[in-house]
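Trainee: give me a 3D structure for the following:
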Amino acid sequence: MDYLAINKAAWDKRAALHLDTEFYDVAGFMAGNSSLKSIERELMGDVSGKKLLHLQCHFGLDSLSWARLGAEVTAVDLSSEAIKQAEQLAEKTGLQAEFICQDVYGYAQQSQAIHDWVFASYGALCWLPDIERWAQVVAANLKPGGQLCLVEFHPVHDLLSGYGYFHREQADLDEEGSYTEVEGDEESPMLTWGHPISDVLNALIKVGLSIEQVHEYDYSPYDCFEDLSQRAEGEFVYEHEHYNSPLVYSIVARKN
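Mentor: All right, here's what the predicted structure looks like:
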């Protein structure tokens with residue numbers, strides 16, 4: 001199966017729906033709010049004047065939020081519908097960012113080692129069949145001393161949700177709708193792959209990046225899974241056997 005065509009079609013549908021959802025709160029963003037969460041803000045600090053590449057940017061809210069903080073942003077996504085919406089949001093807000101419609105591996109052909117940061121977050125890696133190729137794209141885009149910030153949903157939650165923890169060559173094929181509050185939206189086939197944290201770390205090490213920080217979090221900043229309960233503002237937890245399950249992890253790595 002052509003996983004790129006299947007997943008692009010699904011994300012084109014999602015992008016058309018997501019602009020008007022409470023989940024993304026575009027109205028709040030237009031009023032000056034940031035879509036970025038405290039995890040990535042704290043890990044990356046001041047990005048003013050930094051060249052930042054955002055991989056798998058969806059329709060650009062986080063990309064434009066980084067731009068609002070002064071970063072020089074290039075953002076890449078597979079969905080042409082999402083990129084169209086991102087460009088419209090940039091025009092409406094007057095924020096500067098370059099949006100490119102391309103899959104991650106295809107973008108590698110345009111890679112330039114000029115970026116201070118590569119950023120990817122929250123549900124990005126599961127759409128990629130080969131984590132080592134992803135790490136190669138990251139390394140190719142970072143200048144010496146540049147850093148990756150990955151903030152990703154924890155694969156333990158995938159295991160508790162009925163998926164495998166370890167990577168398999170064969171993709172999981174599911175029919176899914178939107179993870180937002182939209183009801184009755186049409187489901188679409190999607191192909192995903194699991195990547196344990198060890199695979200991600202080893203892939204980054206293999207391409208010459210030094211791991212500087214690894215963190216695990218017992219909450220998600222998004223209410224996007226079943227059976228989550230809100231512990232505090234912006235913190236949604238999942239209890240398993242009376243203990244909170246890990247829901248997010250982060251990695252900061254530097255190119256030598």
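Trainee: quickly list what the residue lying closest to residue 219 once chain neighbours are set aside is bridged to.
Mentor: The shortest distance from residue 219 to any non-neighbouring residue, by C-beta to C-beta, 6 or more residues apart in numbering, is to residue 235 (4.2 Å). C-beta here means a position set from N, CA and C on the backbone, and glycine is covered the same way. On DSSP bridges, the residues paired with residue 235 through beta bridges are residue 232.
Trainee: so which strand or helix has residue 200?
Mentor: Using DSSP states H and E, residue 200 falls within helix 197-206.
Trainee: helices or strands next to the very next helix or strand once past that helix in the packing?
Mentor: Using DSSP H and E, the helix or strand that directly follows helix 197-206 along the chain is strand 209-217. Strand 209-217 sits against helix 38-44, helix 131-141, strand 142-153, helix 197-206, strand 248-255, with contacts defined as 3 or more C-beta pairs under 8 Å, 6 or more residues apart in numbering; DSSP states H and E.
Trainee: swap the cut-off to 6 Å and go again
Mentor: strand 248-255 (3 or more C-beta pairs under 6 Å, 6 or more residues apart in numbering; DSSP states H and E).
Trainee: grab the longest helix from this protein for me.
Mentor: helix 3-18 (DSSP state H).
Trainee: just checking, what packs against that helix?
Mentor: helix 80-93, strand 188-192.
Trainee: least reliable of those going by mean pLDDT?
Mentor: The stretch with the lowest mean pLDDT among the helices and strands packed on helix 3-18 is strand 188-192, at a mean of 93.
Trainee: show me what counts as buried in that one.
Mentor: Burial within strand 188-192, assessed by neighbour count using 16 or more other C-beta atoms under 10 Å, is assigned to 188, 190-192.
Trainee: nearest to residue 152 among the residues you listed?
Mentor: residue 192 (13.0 Å; C-beta to C-beta).
Trainee: quick one, what contacts the closest one?
Mentor: 126, 172 (C-beta atoms under 6 Å, 6 or more residues apart in numbering).
Trainee: likewise for residue 130?
Mentor: Contacts of residue 130 (C-beta under 6 Å, 6+ apart): none.
Trainee: state the distance from it to residue 155.
Mentor: Counting by C-beta to C-beta, to the nearest Å, the gap from residue 130 to residue 155 is 16 Å.
Trainee: show me how far the helix or strand of the chain with the lowest mean pLDDT is from its chain's centre.
Mentor: One helix or strand of the chain scores below all others by mean pLDDT, DSSP states H and E: strand 172-176, with a mean of 85. When distances are taken as C-alpha atoms, centre = their mean, to the nearest Å, strand 172-176 is centred 19 Å away from the chain's centroid.
Trainee: by contact count, what packs against it?
Mentor: Applying 3+ C-beta pairs under 6 Å, 6+ apart, one finds that strand 172-176 makes contact with strand 188-192.
Trainee: in its sheet, what does the strand it packs on sit against?
Mentor: Strand 188-192 pairs in its sheet with strand 172-176 (antiparallel), by DSSP bridges.
Trainee: cool, thanks, signing off.
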